[in-house]
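In: Whatever this is, show me its structure:
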Amino acid sequence: GLRDHLGTVDFLPTATGKGCELRWSVRFAAPHTLVGFYQALTEQLVGDAASKLQAALAEDALEFCWELPLSLSPRDAVGEWLDFVWEGGGGWPLPTPTPLGLATVACADDMPAAEASRVIKPPGLQETITSLQETGDGYTLEYRVDNP
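Out: Sure thing, here's the model as predicted:
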């Protein structure tokens, strides 16, 4: 078997000051007849993991924004959005989202509370409303996706 197996991962600054360099070193002792096998296996596993990390960190962040005129006041539009989109699925031909029953969103005084967390099936996305705030001239609602 393997003896004296040690892995070291260094994260070093680059000359440009942007990002860092990953240096992943592995050391071990193996029987002479298995050195080639364990070397190839280690190079494959460590190299694959390092490359996948690099690719995952290189993903682009996307942001979309739609601005549409609605015929409702901001307060009424929030209530309709919660009902139609959040709880009803927004008209998609999919099963309506499943509320998780974890908490409710505190709305304005005379607005009904909304379920804070839901699952959209398919694709199985779990989302949670993290904030619903009244601003000077309207409302801001924020939500996050809790799973990839």
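
In: Burial check on residue 143, number of neighbours?
Out: 16 (other C-beta atoms under 10 Å). In short, each C-beta sits where N, CA and C put it, glycine included.

In: Run through the bridge partners of it.
Out: Beta-bridge partners of residue 143, counted by DSSP bridges, are residue 129.

In: right, and it touches residue 125 too?
Out: No - if you go by C-beta atoms under 8 Å, residue 143 and residue 125 don't touch, sitting 10.7 Å apart.

In: What strand or helix carries the residue nearest to residue 72 when sequence neighbours are not counted?
Out: Closest residue to residue 72 apart from its sequence neighbours, by C-beta to C-beta, 6 or more residues apart in numbering: residue 80 at 6.3 Å. Using DSSP states H and E, residue 80 maps to helix 74-81.

In: Show me what that helix is packed against.
Out: strand 139-145 (3 or more C-beta pairs under 8 Å, 6 or more residues apart in numbering; DSSP states H and E).

In: all helices for this structure, in order.
Out: Applying DSSP state H to the chain gives helices spanning 35-57, 74-81.

In: any low-confidence regions in the protein?
Out: 102-115, 148 (pLDDT under 70).

In: The residue nearest to residue 12 when sequence neighbours are not counted: what's it in contact with?
Out: Distances taken as C-beta to C-beta, 6+ apart put residue 21 closest to residue 12, at 4.7 Å, once the chain neighbours are dropped. Contacts for residue 21 (C-beta atoms under 8 Å, 6 or more residues apart in numbering) come out as 10, 11, 12, 13, 14.
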